[in-house]
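K.L.:
3D, please:
(chains A and B)
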There are 2 protein chains.
Amino acid sequence: MNIGFIGLGNMGAPMAANLAKAGHRIRGFDVAGTTAEGVTPAASIAEVAQGADVVITMLPNGAILRQVADELIPHMRSGAVFIDCSTVDVESARYAAQAAENAGVMAVDAPVSGGIGGAAGGTLTFMAGGSDKAFDTAKPLFDIMGQKAVHCGDAGAGQAAKICNNMILGATMIATCEAFALADKLGLDRQKMFDVVSTSSGYSWSMNAYCPAPGVGPTSPSDNDYKPGFAAELMLKDLGLSQQAAEMVDADTPMGALARQLYAQFVENEDGKGKDFSAMLPRFASRGRDS
Amino acid sequence: MNIGFIGLGNMGAPMAANLAKAGHRIRGFDVAGTTAEGVTPAASIAEVAQGADVVITMLPNGAILRQVADELIPHMRSGAVFIDCSTVDVESARYAAQAAENAGVMAVDAPVSGGIGGAAGGTLTFMAGGSDKAFDTAKPLFDIMGQKAVHCGDAGAGQAAKICNNMILGATMIATCEAFALADKLGLDRQKMFDVVSTSSGYSWSMNAYCPAPGVGPTSPSDNDYKPGFAAELMLKDLGLSQQAAEMVDADTPMGALARQLYAQFVENEDGKGKDFSAMLPRFASRGRDS
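P.N.:
Sure, this is the predicted structure:
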């Protein structure tokens, strides 16, 4: 396939390189001038679109997605597929899908989980929204860039699934971290805490797969001095998107709101910037109720 | 073994019956006059203690545990074992353990998870605190009444593990419920939501094993009109114990505190009383941000 790829950053570059490695012809563009292995650089968004069967975008936010979509879609051929892998607000995802539909272009919103490691290793998970036909066209590409793709529903459903998942994740990680800190202060050994909770009704991905306590459970960023992994500021971004969506549809999400507030405090006023989002554990362990 | 059992309620009665079925001689006492299959009724706490190798208690709260311990322990023989399976505050557990130690009686605090179904089926999990010797003596009895027993540390460690686990559980369940309600309002199908989250970084016992959405995931109280299961008021009790412990040791537990506040509101001011704790999903699904 002829594939255009816009946004060759930490995530986009390895994703594009994996598609090139699998034999697809990739033309790539990034405003910062970056490129990726096996990718032919294009001079503009319009050039990326020319002759492309599929264009994939991996962008930082919804405002940029809207701009890129406005510039890109008029140059795409009718029947081509526009796959946006960015994590953005549901409204921007629907805006891009509508713009595509108006131009006879199929659209899929397909945010990912798995981070930079998953992008490099081709083990991402894609949460996709769009028509069956659009999803079926995109699926073989998802299978190259990742190991799982779930078709969640119509336009925007991929973004909805991702922000709902990550809202649960943020709240659960904080709850797990504050419980570890409480256990510390009650004299409960962290390994025992893990042994109990990971096999009881408190289990979760945050505890079992990504344990925030160093030396306990499987290897995770806590064992690497809380280098991300999944950075606290990216969790803050996703929690912001979930709160934006909750406001839009009048949904009450108190745990998600508190998680956002705590990550904002951690990233903006404490030393959470640049750390993995599981670094909430040392934060809680080093403080009391009023600090 | 000669076993005394105090507190033959919804949990204690089937636990005592399982011990009797396994061939132990059980004398039981309950202030309400209840008894259990295979259990010889005793007229008083003192009578339960006489000749007992082990006395097990299953009581509603820490204040009652302290009273029972004060009355019971002077009648127990030196070297006997006192196993408290109640869920109580850590301080009361340590009080009972100290009273036992002063009298030459071994003590284990061993709160359970698994509820009435687990008690009847002999599939409880025991989280135990106490000396190695006390735990080893209690272990064969845990194996009859349950399917797992974790030795968490010294006196009080069982209670600490349980309240830390349940604090995570309460917060995670609410986060899962509010995310389902948000997904509803964003037009994301509940089955798709389950498919994504249960296999992604938002997975947890609340989602995967006890899904709060009827007809989705394994059979759970949501499929039985939210009949408990694990009642919202029992979750509220455990969240109260975790906040009590957090105050005692100056631990900051914002998610646990919010979970307690939301369950208190649900049980006391809304219609959560008598419902399973996963009934937070219909609560969130039926309201907006300001209701």
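K.L.:
quick one: contacts for the closest residue to A:D30 other than its chain neighbours?
P.N.:
Nearest residue to A:D30, sequence neighbours excluded (C-beta to C-beta, 6 or more residues apart in numbering or on different chains): A:L8, at 4.1 Å. Every C-beta, even on glycine, is put in place using the N, C-alpha and C of the backbone. A:L8 is in contact with A:16, A:28-30, A:34-36, A:39, A:58, counting by C-beta atoms under 8 Å, 6 or more residues apart in numbering or on different chains.
K.L.:
and with 10 Å instead?
P.N.:
By C-beta atoms under 10 Å, 6 or more residues apart in numbering or on different chains, A:L8 lies in contact with A:14-17, A:26, A:28-36, A:39, A:41, A:58.
K.L.:
Just the buried residues out of these, in ChimeraX syntax.
P.N.:
Only the buried entries of the contacts of A:L8 go into this ChimeraX selection, using 16 or more other C-beta atoms under 10 Å in any protein chain shown:
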select /A:14,15,16,17,26,28,29,30,34,35,36,39,58
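K.L.:
re earlier: please tell me how far the residue nearest to A:D30 sits from chain B.
P.N.:
25 Å (C-beta to the nearest C-beta, to the nearest Å).
K.L.:
Dihedrals phi and psi, that residue?
P.N.:
In terms of degrees, to the nearest 10, the main-chain angles of A:L8 are phi -110, psi 60.
K.L.:
Distance of A:G272 relative to B:A103?
P.N.:
Distance of A:G272 to B:A103, computed by C-beta to C-beta, to the nearest Å: 50 Å.
K.L.:
what's the answer for A:G9, then?
P.N.:
Counting by C-beta to C-beta - A:G9 and B:A103 are separated by 68 Å.
K.L.:
now A:N10
P.N.:
Counting by C-beta to C-beta - A:N10 and B:A103 are separated by 64 Å.
K.L.:
what do you get for A:K162?
P.N.:
58 Å.
K.L.:
Same question for A:S131.
P.N.:
A:S131 is 74 Å from B:A103, by C-beta to C-beta.
K.L.:
And for A:E178?
P.N.:
In terms of C-beta to C-beta, A:E178 sits 37 Å off from B:A103.
K.L.:
Neighbour count: those two, which is higher?
P.N.:
Higher neighbour count among A:E178 and B:A103: A:E178, with 29 against 18, using other C-beta atoms under 10 Å in any protein chain shown.
K.L.:
so the more buried one is in which element?
P.N.:
Counting by DSSP states H and E, the element that carries A:E178 is helix A:157-185.
K.L.:
ok now do the residue lying farthest from the centre of chain A, which residues does it touch?
P.N.:
Largest separation from the mean C-alpha position in chain A: A:G187, at 36.6 Å (C-alpha atoms, centre = their mean). Neighbouring residues of A:G187 by C-beta under 10 Å, 6+ apart: B:90, B:129, B:153-157, B:160, B:249.
K.L.:
now swap in A:E47 and tell me
P.N.:
Going by C-beta under 10 Å, 6+ apart, A:E47 touches A:4, A:27, A:29, A:40-41, A:75.
K.L.:
go on, A:D136?
P.N.:
A:81, A:106, A:108, A:130, A:151.
K.L.:
Could you give the number of residues near the nearest residue to the second one once chain neighbours are set aside?
P.N.:
Right, the one you point to is A:M106. Nearest residue to A:M106, sequence neighbours excluded (C-beta to C-beta, 6+ apart): A:A134, at 3.8 Å. Applying other C-beta under 10 Å, we find 25 residues neighbouring A:A134.
K.L.:
secondary structure element for A:A134?
P.N.:
Assigned by DSSP H and E, A:A134 falls in helix A:132-145.
K.L.:
Next, the angle from that helix to helix A:157-185.
P.N.:
Interaxial angle, helix A:132-145 versus helix A:157-185 (axes from the mean of the first three to the mean of the last three C-alpha atoms, to 10 degrees): 50 degrees.
K.L.:
can you tell me the average pLDDT over helix A:132-145?
P.N.:
Averaging pLDDT along helix A:132-145 gives 97.
K.L.:
just checking, next helix/strand downstream of that helix?
P.N.:
Helix A:132-145 is succeeded, C-terminally, by strand A:146-153 (DSSP H and E).
K.L.:
relative to helix A:157-185, how tilted is that following strand?
P.N.:
Angle of strand A:146-153 versus helix A:157-185, following the same axes, to 10 degrees, is 120 degrees.
K.L.:
partners of strand A:146-153, with directions?
P.N.:
According to DSSP bridges, strand A:146-153 has the following sheet partners: strand A:124-130 (parallel).
K.L.:
Which residue ranges of chain A form helices?
P.N.:
For chain A, the helices defined by DSSP state H occupy A:12-21, A:45-49, A:62-72, A:90-102, A:115-121, A:132-145, A:157-185, A:190-197, A:205-208, A:232-248, A:254-268, A:280-285.
K.L.:
Report whether the shortest one contacts chain B.
P.N.:
To tie it back to what came earlier, the one meant is helix A:205-208. Yes - Helix A:205-208 reaches chain B (C-beta under 10 Å from any C-beta of the partner chain) through A:205-208.
K.L.:
now the longest one
P.N.:
Yes - under the criterion of C-beta under 10 Å from any C-beta, chain B is reached by helix A:157-185 at A:157-185.
K.L.:
phi, psi of A:G156?
P.N.:
Dihedral angles for A:G156 - degrees, to the nearest 10 - are phi 100, psi -20.
K.L.:
quick one: contacts for it?
P.N.:
Residues counted as contacts of A:G156 (C-beta under 10 Å, 6+ apart) are A:88-97, A:109, A:129-130, A:245, B:186-188.
K.L.:
and if you look at A:G122?
P.N.:
A:14-15, A:17-19, A:21-22, A:114, A:143-147 are the contacts of A:G122 under C-beta under 10 Å, 6+ apart.
K.L.:
Can you say which of those residues are buried?
P.N.:
A:14-15, A:17-19, A:22, A:114, A:145-146.
K.L.:
Could you dump these into JSON lines and include distance to B:L236?
P.N.:
Formatted as JSON lines, the buried ones among the contacts of A:G122 follow (distance: C-beta to C-beta, whole Å):
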{"residue": "A:P14", "distance to B:L236": "47"}
{"residue": "A:M15", "distance to B:L236": "46"}
{"residue": "A:A17", "distance to B:L236": "52"}
{"residue": "A:N18", "distance to B:L236": "49"}
{"residue": "A:L19", "distance to B:L236": "52"}
{"residue": "A:A22", "distance to B:L236": "54"}
{"residue": "A:G114", "distance to B:L236": "37"}
{"residue": "A:M145", "distance to B:L236": "45"}
{"residue": "A:G146", "distance to B:L236": "41"}
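K.L.:
Among these, which one sits closest to chain B?
P.N.:
For the buried ones among the contacts of A:G122, the closest approach to chain B (C-beta to the nearest C-beta) belongs to A:G114, at 9.0 Å.
K.L.:
What sits closest to that closest one if chain neighbours are left out?
P.N.:
A:L124 (4.1 Å).
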